[in-house]
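Participant: Need a 3D model of the sequence below.
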Amino acid sequence: MENKRYYGIDIGGTTAKVGLLENGRVVRTWSVQTDTSDGGRNILPDIIASLPGPADGAALAVPGAVLPDGTVNRCVNLGWGVCRPSDEFTAKTGIPCRVLNDANAAALGEQRLGGGKGYESVLFVALGTGVGAGVVLNGKLREGARGTAGELGHLIWDPSDADAKCSCGHQGCLEQYCSATGIVRLADRAGFPGLTCKQVMDRAAAGDAALEAVADKACGILGWGIACACAVLDPEAVVLGGGVALAGEYLRLKVQNAFDAYAFHACLGTRIHLATLGSDAGLTGAAMYAMDGV
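Facilitator: Take a look at the predicted model:
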């Protein structure tokens, strides 16, 4: 059987992580600094210059919405407006290229090779500066009509919370309570200013009752949001990733308990797992997405 090669490229605001996939597994990874000057014009040329040779396909994971035709609808962190980076990549390399949202790429990576391995239908939730999500149903990534399927972070928990203004223009969105920045804000409200999210979760896990109440609130709202999503999507499993999920089993159990309290009865068999691929999830999923497109 001919050996096929695919590049998975996860472009972040600071670095782009690149992986080479051969025979269904990532055999090499490396990073390229993201040059966001001059409208991000140098990002793709810098990545392309790092590639060790031709490949059968590639995919770019980007921090923004991607339409079904591959059009990127703005990536503020990269300096990109509405553009088609896959066309530029193919024109310069001759390699067929696809593009997808970075949370969707991580979802596909975790479903195929990470915390969701063995399940055909997975909801992946990325808990970082914001809250993103990706949906894989029956083994296929589901991106939606406008590329925004899985925007769990913008379910509105409390529309009356004027102190929880979201970048989307609403207030009281789930990510204002469950992201790293949201947890820090909850701690500040509780009288603990200046703590990082890690400090909040570490001290809560160590038995600080006041900060455990903060963790309970964040995990309770997240469990509610996941229950809402599962009532619509009915995945076999949920995978929690991102920096907040480094709180590990302490976080997972709290979210599982909250999910079980809110979930539709038919969804109660849905298990919540922790991601296992770490920062390689996006490049792994992007490589898989490239392979699926050939």
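Participant: Contacts only, for the residue most central in space within the chain.
Facilitator: In the chain, the centroid-proximal residue (CA atoms, centre = their mean) is residue 103; its distance is 2.9 Å. Residue 103 sits next to 124, 126, 132-134, 150 when contact means CB atoms under 8 Å, 6 or more residues apart in numbering. Where C-beta positions appear, they are placed from N, C-alpha and C, glycine not excepted.
Participant: how many neighbours does the closest residue to residue 182 other than its chain neighbours have?
Facilitator: In space, and not counting its chain neighbours, residue 182 is closest to residue 176: 4.9 Å by CB to CB, 6 or more residues apart in numbering. By other CB atoms under 10 Å, the residues close to residue 176 number 27.
Participant: Residue 222 now?
Facilitator: 30.
Participant: ok, now residue 246?
Facilitator: Residues near residue 246, counting by other CB under 10 Å: 15.
Participant: That one is in contact with residue 198, isn't it?
Facilitator: Yes. Judged on CB atoms under 8 Å, residue 246 makes contact with residue 198 at a distance of 7.3 Å.
Participant: chain center to the helix or strand residue 216 falls within, what's the gap?
Facilitator: Following DSSP states H and E, one finds residue 216 within helix 209-233. Its chain's C-alpha centre lies 17 Å from the corresponding centre of helix 209-233 when counted by CA atoms, centre = their mean, to the nearest Å.
Participant: ditto for stretch 103-116
Facilitator: In terms of CA atoms, centre = their mean, the centre of stretch 103-116 is found 9 Å from the chain centre.
Participant: ok, now stretch 30-49?
Facilitator: Mean-position distance between stretch 30-49 and its chain equals 21 Å (CA atoms, centre = their mean).
Participant: Break down the stretch 101-250 of the chain into its helices, ranges please.
Facilitator: Secondary structure of the stretch 101-250 of the chain (DSSP state H, counting those that start in this stretch): helices at 102-113, 175-178, 180-189, 197-205, 209-233, 249-262.
Participant: Need those in CSV (columns: mean pLDDT and distance to residue 10).
Facilitator: Below are those laid out as CSV (pLDDT from 0 to 100; distance: least, CB to CB, whole Å):
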stretch, mean pLDDT, distance to residue 10
helix 102-113, 96, 6
helix 175-178, 97, 20
helix 180-189, 97, 19
helix 197-205, 98, 22
helix 209-233, 98, 23
helix 249-262, 98, 23
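Participant: and of these, who's closest to residue 268?
Facilitator: Nearest of these to residue 268, taken as CB to CB: helix 249-262 at 6.2 Å.
Participant: how's this structure carved up into domains?
Facilitator: 5-105+280-293, 118-276 (automatic domain parsing).
Participant: Adding distance to residue 111, write these out as a markdown table.
Facilitator: Converted to a markdown table, the domains of the chain look like this (distance: least, CB to CB, whole Å):
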| stretch | distance to residue 111 |
| --- | --- |
| domain 5-105+280-293 | 8 |
| domain 118-276 | 4 |
